[in-house]
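>>> Have a look at this prediction, sequence included:
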Amino acid sequence: MTHVFKTIWFKFAFAMVWLYFLLWPLMDLNSDGTITFDKSFAVWIRIVVVVAVLLTLYRLKKRGTFEPVANGVHRVTAPLRSRLGLVPGWVWLLLIFAFMLALPQFTERRVHDVVISVLIYVCLGMGLNIVIGLCGLLDLGYIAFYGVGAYTYALCALYFGLPFWLCLPLAGIFAAIAGCIIGYPTLRMRGDYLAIVTLGFGEIVRIILNNWMSLTNGPNGVSAKPMTVWAPVFEGGFHIEAIPLRNLADLYYVIFFLAILIIIGVHRLNFSRVGRAWEAIREDETAAELMGVNTYMFKLMAYAMGAMFGGIAGAFFAARMGFVAPESFSFMESALVLSIVVLGGMASIPGIIMGAVAIIALPEVFREFSEYRMLAFGGAMTIMMLVRPAGLIPAKRMGERGEEKE
Amino acid sequence: MAETILELTDVQAHYGRIQALKGITLNLEKGEIVSIIGANGAGKSTTLMTICGIIKASAGTVRYKGQVINDMSPDKLPGLGLCQVPEGRRIFPRLTVEENLDMGAFHRKDKAEIKRDVEMVFDLFPILRQRRHQAGGSMSGGEQQMLAMARALMTRPEVLLLDEPSLGLAPIIVAHLFEIIKDINKEKGVSILLVEQNANIALNTANRGYVLETGHVVMQDEAQTLLNNPDIRKAYLGE
Ligand SMILES: Nc1ncnc2c1ncn2[C@@H]1O[C@H](COP(=O)(O)OP(=O)(O)O)[C@@H](O)[C@H]1O
Ligand SMILES: [Mg+2]
């Protein structure tokens, strides 16, 4: 007992020393050339205290100190939980839907802004989920399709005056075509090679956007017109007019319904013949081929599909920001979407939504902490991999579909 | 004289610069069980993968029902009635038993018939019926081998290529599996090309046998004759 106790606290001390060595260069090697120790120490000592408390609680829980309390709570809440369990799933969905619909009515701009970002990343996560979660292709350049979609809208509106609602499907199509062009040579590779090559192609797209001055205005970016809706206008006689949507709450509804459409689409794909083939490829490509799956075509399709959803999200992003520049589509963004998918749970739709909330919304809530976002991020990912290796809400695998059929 | 359903003529195959098959000639008659035996690394799995087009033959021809299938894309073959149960089973571990079987029927559109076939393979392997909603990867080795065979049967094969079905399984399960293999051959008229390191059970199941050594066919004969051959007994039956 004491032996276990000692080794655990020894490991703790060791980890904390290591953490300090990580923190110090991050926070106390100042850009003006001075070297200090106080800033990193202040953060470090807090982390030490919090982790020590958590570790103590964990040890106590392991020893069963809390069992009487937990049992009591369990007994009290059991009837409540069994009653909640009786409520069918669609009721929950309806409640969430109603809540999301009402959200802009009782919240302020800052919240709208965050929720819109979360929803954009939900769309991106859904698209990348097809490629990684279902088909098992590690794509590190996914954000390129987001960029293609965004620029499709900005440029089509700029040069041809096309309205947003026409550009939205166009953005999806162009992104899908870009997906096919990138996928055509790369999807013949497997595993690590694919990851590296997609990483390269993602950068190539960004560099093209950056360097093709005459088309994209290079690093300065281009402004994108706000999206418009046709609405009846009564001033000076009745007529229908395209009104720009500038209100954040209105934009919120647009992305909310786009996200719902994409979620429904991905859900249906998930349970279709195509989704099954993608999963088979993810599980064992050769075996899938032996069972008659044209693996190359299906991989290309997954890639194009994922790209399409990314492109749609991109077009919305351009219209919402009113401005696009290549720097929005750097590798960091790809990594962010990837971590949403991994953190949330591969191939799990509710998981990815939770992942987007966790990665996009939480840093906004803890604004003061945002400087150390990447540190917290790394820590959170490491802890997740230890505690819930399959993601926040892992995809339900066993039996789900078989039972549905009956 | 039965008709030849699968025929390899002087087939060669390479992994990069390494030549794994140095001219394999063999044939499978309709309704036969033919077994290929040989030591580890002799090229048995490569032969089956070359038949299925996963590895492209660098020379020679593979003929199935008279048609040369060398350049055919592997995913077309299940539709033509040629299916392989690969070495190490290779089921889809995170898909359920039913979903694995569904993948076997991937090229088929006849829903009612597919349902009937699912029942048929469940009758053949009752354990799979009990496990139908369980993830394939969570089952034992023997059950996974059964699932792999059931999945292949879902393609409605005329020729089944089996790569070491006995690998890593307890003798009693192996015996049971080979009874079923004989059944599949007799009842359903499926021609079977059976690759095995377990020469004893393979030759006792097969009509004819080929012996492979480092990419060459070194011997071929009736299965019983091979079983009685002292060289074979010494090299492959451990006597
Ligand atoms: N993926 C591969 N890359 C390179 N060489 C391989 C590969 N697979 C098999 N080989 C070589 O090809 C030969 C035949 O292998 P294989 O067909 O797997 O033999 P068997 O199935 O009879 O045990 C062996 O010498 C093996 O080392
Ligand atoms: Mg082998």
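Ah, there it is. Ligands and ions are numbered 1, 2, ... in the order given.
>>> what comes up buried for the helix or strand in which residue A:52 is found?
Element membership of residue A:52, judged by DSSP states H and E, is helix A:38-63. Going by neighbour count (16 or more other CB atoms under 10 Å in any protein chain shown), the buried part of helix A:38-63 is A:40, A:43, A:44, A:48. Yep, even glycine has a C-beta here, placed from its N, CA and C like the rest.
>>> Which other helices and strands does that helix contact?
Here helix A:38-63 touches helix A:2-28, going by 3 or more CB pairs under 8 Å, 6 or more residues apart in numbering or on different chains; DSSP states H and E.
>>> Show me what the helix it packs on is packed against.
On a contact count with 3+ CB pairs under 8 Å, 6+ apart, helix A:2-28 meets helix A:38-63.
>>> which residues touch residue A:322?
Taking CB atoms under 8 Å, 6 or more residues apart in numbering or on different chains, we find residue A:322 in contact with A:223, A:224, A:225, A:226.
>>> mind redoing it with 7 Å?
A:223, A:224, A:226 (CB atoms under 7 Å, 6 or more residues apart in numbering or on different chains).
>>> confidence score at the second one?
According to the per-residue confidence, residue A:224 scores 88 in pLDDT.
>>> before we move on, the earlier item: output the contacts of residue A:322 in CSV; the columns should cover neighbour count and secondary structure.
Shown next, in CSV, are the contacts of residue A:322 (neighbours: other CB atoms under 10 Å in any protein chain shown; DSSP: H, G, I helix; E, B strand; the rest coil):
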residue, neighbour count, secondary structure
A:223, 14, strand
A:224, 25, coil
A:226, 16, coil
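>>> any idea how chain B splits into domains?
Here the domain assignment for chain B is B:1-81+B:157-239, B:90-155, based on automatic domain parsing.
>>> closest to ligand 2 out of the ones you listed?
Ranking the domains of chain B by their distance to ligand 2 (criterion: CB to the ion) puts domain B:1-81+B:157-239 first, at 3.2 Å.
>>> close to ligand 1, is that closest one?
Yes - remark: domain B:1-81+B:157-239 sits within contact range of ligand 1 at B:15, B:18, B:20, B:38, B:40, B:41, B:42, B:43, B:44, B:45, B:46, by CB under 6 Å from any ligand atom.
>>> just to revisit the earlier point, tell me how far the helix holding residue A:52 lies from the chain's centre.
Chain-centre distance of helix A:38-63: 29 Å, with CA atoms, centre = their mean, to the nearest Å.
>>> now, the most widely separated pair of the buried residues of helix A:38-63?
Spatial extent of the buried residues of helix A:38-63 (CB to CB) is set by the pair A:40 and A:48 at 12.0 Å.
>>> ranges for the helices of the stretch 201-350 of chain A?
Along the stretch 201-350 of chain A, counting by DSSP state H, counting those that start in this stretch, helices occupy A:213-216, A:248-270, A:273-283, A:285-290, A:295-321, A:331-344, A:349-356.
>>> Kindly apply the preceding question to chain B instead.
In chain B, the helices defined using DSSP state H lie at B:44-51, B:77-80, B:97-104, B:111-124, B:126-130, B:141-153, B:171-188, B:199-205, B:223-228, B:230-236.
>>> Reformat those as a markdown table; add distance to residue B:70.
Converted to a markdown table, those look like this (distance: least, CB to CB, whole Å):
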| stretch | distance to residue B:70 |
| --- | --- |
| helix B:44-51 | 9 |
| helix B:77-80 | 12 |
| helix B:97-104 | 25 |
| helix B:111-124 | 30 |
| helix B:126-130 | 35 |
| helix B:141-153 | 22 |
| helix B:171-188 | 26 |
| helix B:199-205 | 27 |
| helix B:223-228 | 28 |
| helix B:230-236 | 30 |
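>>> Check the gap between residue A:189 and residue A:195 for me.
Applying CB to CB, to the nearest Å, the value for residue A:189 to residue A:195 is 9 Å.
>>> out of these two, which sits in the more crowded spot?
residue A:195 (17 against 14; other CB atoms under 10 Å in any protein chain shown).
>>> Which element, helix or strand, includes the more buried one?
Assigned by DSSP H and E, residue A:195 falls in helix A:191-211.
>>> what are the ranges of the strands in the stretch 101-250 of chain A?
A:222-223, A:228-233, A:239-244 (DSSP state E, counting those that start in this stretch).
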